Each structure stands twice: as structure tokens, then as C-alpha cells.
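J.: Next comes the sequence, and after it the predicted model I'd like to discuss.
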Amino acid sequence: MSQSPDPLTATFAALADPTRRAILARLAEGDANVSELSRPFDISQPAISKHLKVLERAGLISRGRAAQSRPCHLEARRLKEATDWIALYRAFWEQSFDRLDALLVELRDRDTKKDNDKEKSRARKK
């Protein structure tokens, strides 16, 4: 019996597909049913339904009931969890870039000082 993935793994697996990301982008504008979601894609409604099932299992969308329609709704909480996880690494990279910037400034200043010293030395020799 296979164990279901943790929520973060399921979220990233669902986000790995560009069609599913496009569906989420559309749902960020408001709820939509399967036929509305399938319009911009050159794939069948059953294929869209499969994508919706992946998104639903990952907790990224929910599906309601409104008469004959089953509108899909974006569940942003899972996206926030993924964003929070990514933010940890963003802070790491920002600190790394800050250290790199400081090193580049130091190297530039050192080169500028050397160039100035050479100019002064040449000027004295003339």
C-alpha cells in the first residue's frame, strides 16, 4: 500500500504541469466550471478533468455543486504553504547575493586603488 505524499510534495507535483498552473491562474480570477476551464486549451474535457483531480487531491482547488455545474474554486492556502517554504530559500539566496555584492565592491575598490597608485607612480616618473 503506497503512502500519499505530504501536502508540500503534492503541491509541487501538481504545479509541475503548465496546464495545471494555467488552470490555477484562471481560477485566481474567479470560480469556473470544467467547460470554461477547458476553452483555452487544445485538450479534451476529460483531460482537463484529470488535471482538476490532481489539483483537487493536492488541495489546490475545491469543487462545488451548483445545479448541473460543478464550479472549481482556488484554495490558496496550499499555495501559501509552498510560498512560505520557498521564502526560506529566497532569504538564503538574498544573503548570498548581498555577500557577493560586497565582495565585488571590495574587489572593484581594490582595483581602483591599484590603478590610482599606478597613475601616481607614472606621474612621478615624468
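T.: Structure received.
J.: quick one: Tyr89 from Ser96, how far?
T.: Tyr89 is 10 Å from Ser96, where distance means C-beta to C-beta, to the nearest Å. All C-beta spots, glycine's among them, are computed from the backbone N, C-alpha and C.
J.: Any stretches of this structure with poor pLDDT?
T.: 1-4, 66-67, 126 (pLDDT under 70).
J.: what about the strands in it?
T.: For the chain, the strands defined by DSSP state E occupy 61-63, 72-74.
J.: Please work out which of the ones you listed is packed deepest.
T.: Greatest average neighbour count among the strands of the chain goes to strand 72-74 (a mean of 20), per mean count of other C-beta atoms under 10 Å.
J.: Which residues does it contact?
T.: The contact list for strand 72-74 (C-beta atoms under 8 Å, 6 or more residues apart in numbering) reads 23-24, 27-28, 31-34, 37, 52, 55, 60-64.
J.: Check stretch 9-16 too.
T.: 4-5, 20-21, 24, 54-55, 57-60, 78-79, 81-82.
J.: For Pro40, what are phi and psi?
T.: Main-chain dihedrals, Pro40, degrees, to the nearest 10: phi -70, psi 0.
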